[in-house]
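In: predicted model and sequence follow; I will ask about them next.
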Amino acid sequence: DKDEQTRLEMKHRKEEDDLYRKFIRQREEEDRRIKNEIRDEWEKELERLISRFEKEMTAKKKRSEDTKVLTLRLQQERDDLEKNMTLRRERKKESLTRKLLEHERAATAALVEKQ
């Protein structure tokens, strides 16, 4: 009857809403994970770069010309590192988005099939 149909529709709507909230939570968690992963990697690489710079500065005995060259090189390497890390983050996000979309399509299809 009509009440039963309404209850069934409400149940399906709730299942859909729950599924979509789950998708949103998964996306947020994965986005946070990627950001943390890239940030940690960035910090390690930057520490390595600065450590190497400091060793080279010590070895060059702080001559003004050498210091300028090393400083410019450090800045260029830092800029390159930042570009590379940004590209890696974007690639990871794109890959993750594709994977999540496939998963979401399958879960949505399973829900529709069940209903």
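Out: Perfect, thanks for sending it. Residues are numbered from 1 along each chain as shown.
In: so which bits of stretch 18-37 are buried?
Out: Neighbour counts over stretch 18-37 (16 or more other CB atoms under 10 Å) mark 23, 30, 34 as buried. C-beta coordinates here come from the backbone N, C-alpha and C atoms, glycine included.
In: and which of the residues you listed is nearest T6?
Out: Top of the list for closeness to T6, among these and by CB to CB, is F23 at 26.0 Å.
In: what's the average pLDDT for the strand or helix carrying the closest one?
Out: Secondary structure from DSSP states H and E places F23 in helix 2-59. The average of the pLDDT scores along helix 2-59 is 93.
In: distance-wise, check I50 relative to Q76.
Out: 14 Å (CB to CB, to the nearest Å).
In: common neighbours of these two, please.
Out: With CB atoms under 8 Å, 6 or more residues apart in numbering applied, the contact sets of I50 and Q76 do not overlap.
In: re the thing from before, what is the helix holding F23 packed up against?
Out: Where contact means 3 or more CB pairs under 8 Å, 6 or more residues apart in numbering; DSSP states H and E, helix 2-59 is packed against helix 64-114.
In: could you check the angle the helix it packs on makes with helix 2-59?
Out: 160 degrees (axes from the mean of the first three to the mean of the last three CA atoms, to 10 degrees).
In: please renumber so the chain begins at 18
Out: Yes, from this point I'll number from 18; that puts the last item at helix 81-131.
In: which elements pack onto helix 81-131?
Out: helix 19-76.
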